[in-house]
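Participant: sharing a sequence plus its predicted fold:
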Amino acid sequence: MAAFTVYLAKRFGYIGVTLILISLIVFGVTQLLPGNAAVMILGKQATSESIAAIEQQLGLNRPWYVQYLDWLGGFVTGNWGTSFANQQPVTAIIFPRLIRSAQLAVVTLTLVTLTAIPLGVLAAVKQDSIWDLLASVGGYVGVSLPEFVIGTLFITLFAGPVFQILPFGGYEPLSAGIVTWAKHMILPSVTLSIILTAHVMRLTRSEIVEVLREDYVRSARLKGLSELKVLTKHTLRNGLLPTITLLALNIGYLLGSIVIVEEVFTFPGLGRLLVRSIQTRNLPVLQASVMLIAIVYTVTNLAADIMYTYLDPRIEYGEN
């Protein structure tokens with residue numbers, strides 16, 4: 001227990017330093033974006049006097065380090081500022097979109113977990129069989145196809161004139177009914193899951209194949225254990241460690257890097273908000289969104305590391 005406490009303290013310290021460095025990078029990059037936030041707010045016909053007044057009001061004329069410390073302090077205390085676009089609190093804009101993207105991420109990861117891991121294990125156990133061949137071909141196809149190609153194809157088939165059974169995009173909350181909600185989630189989540197399933201399935205297959213060749217697996221078979229027990233008790237616990245890492249890393253990807261899918265399906269999530277914030281130079285929304293993604297990314301990595309010790313007791317916290 002003491003080793004676990006020390007481990008957590010160290011990891012949280014690393015996370016703190018990492019987030020501070022990320023905050024510096026985010027703040028610096030957003031300051032270098034072309035255009036002027038005051039001009040974005042007032043329009044291109046604004047006078048220099050009105051632009052100067054807005055910059056004074058928003059504090060944009062202060063030294064960069066003063067703006068950074070003020071922004072960082074506000075972010076830590078929950079005061080994420082006000083949107084330049086509509087003068088609404090940033091939290092009121094971000095969190096509804098975060099919830100939508102989180103729903104999309106959960107549905108996608110569920111689909112990936114329920115399909116990629118069993119298919120990868122099956123391909124490894126049935127190595128060089130037709131199942132292995134199909135998994136390999138499917139994996140290469142899934143990795144090769146970009147999101148916008150899969151998404152456009154799905155829209156054409158299932159939302160277009162071919163079948164017309166699903167909406168082409170948008171979002172409906174659960175309060176509108178689970179069927180209506182699910183119809184709007186199917187196409188974007190399946191689009192994302194195809195790509196991620198290919199990655200996870202290929203990794204799972206390669207790792208399980210390696211574990212099946214280990215001496216302790218051969219010893220378990222010589223002891224007379226059934227193939228099912230060898231697979232569940234000796235193979236999966238070690239073979240799925242890299243898969244868990246990949247799934248944890250994909251949580252950050254799903255929350256922040258599904259911009260293409262959200263654009264294709266006009267899904268009002270966090271990724272689409274990032275694009276709009278960059279286009280309008282809405283710095284408070286842009287900075288808070290990126291920092292939120294960074295926090296989720298680092299926390300999910302920590303969760304994956306903690307799960308390692310559960311799956312493999314040979315890993316000790318004190319050695320990390």
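Facilitator: Here it is on my side, so go on.
Participant: pretty sure residue 267 is in a strand, no?
Facilitator: No: counting by DSSP: H, G, I helix; E, B strand; the rest coil, residue 267 falls outside a strand, being coil.
Participant: ok, it to residue 245 distance?
Facilitator: Plainly put, residue 267 is 27 Å away from residue 245 if you go by C-beta to C-beta, to the nearest Å. Glycine gets a C-beta too; all of them are placed from N, C-alpha and C.
Participant: who's more crowded, the two?
Facilitator: More neighbours surround residue 267 than the other of residue 267 and residue 245, with 24 against 16 (other C-beta atoms under 10 Å).
Participant: low pLDDT regions in the stretch 51-200 of the chain?
Facilitator: Residue ranges of the stretch 51-200 of the chain with pLDDT under 70: none are present.
Participant: what about 80?
Facilitator: Across the stretch 51-200 of the chain, the ranges flagged by pLDDT under 80 are 55, 57-60.
Participant: show me where it has its helices.
Facilitator: Under the criterion DSSP state H, counting those that start in this stretch, the stretch 51-200 of the chain contains helices at 64-76, 90-125, 130-144, 147-154, 178-212.
Participant: can you list the domain ranges for this structure.
Facilitator: Annotated domains of the chain cover 1-77, 90-311 [the TED database].
Participant: which of the ones you listed sits most buried?
Facilitator: With neighbours defined as mean count of other C-beta atoms under 10 Å, those peak in mean count at domain 90-311, which reaches a mean of 18.
Participant: look up how far residue 166 lies from the spatially closest residue to residue 107 that is not a sequence neighbour.
Facilitator: Once flanking residues are discounted, residue 107 sits nearest to residue 189: 4.3 Å by C-beta to C-beta, 6 or more residues apart in numbering. Distance, residue 189 to residue 166, using C-beta to C-beta: 12 Å.
Participant: measure the residue nearest to residue 107 to residue 307 for me?
Facilitator: Distance from residue 189 to residue 307, by C-beta to C-beta: 23 Å.
Participant: likewise residue 190?
Facilitator: For residue 190, the distance to residue 307 - C-beta to C-beta - is 26 Å.
Participant: list the contacts of stretch 163-176.
Facilitator: Contacts to stretch 163-176, defined as C-beta atoms under 8 Å, 6 or more residues apart in numbering, come from residues 100, 155, 157-160, 180-181, 183-184, 186-188, 264-269.
Participant: cool, stretch 127-144 as well?
Facilitator: Residues outside stretch 127-144 that contact it (C-beta under 8 Å, 6+ apart): 119-120, 122-124, 126, 194-195, 197-199, 201-202, 205, 209.
Participant: which pair in those residues spans the largest distance?
Facilitator: The most widely separated members of the contacts of stretch 127-144 are 126 and 195, with 23.8 Å between them, by C-beta to C-beta.
Participant: the residue nearest to residue 162 when sequence neighbours are not counted and residue 90, how far apart?
Facilitator: If the residues on either side of it in the chain are set aside, residue 162 comes closest to residue 156, at 6.7 Å by C-beta to C-beta, 6+ apart. Between residue 156 and residue 90 the distance, using C-beta to C-beta, works out to 37 Å.
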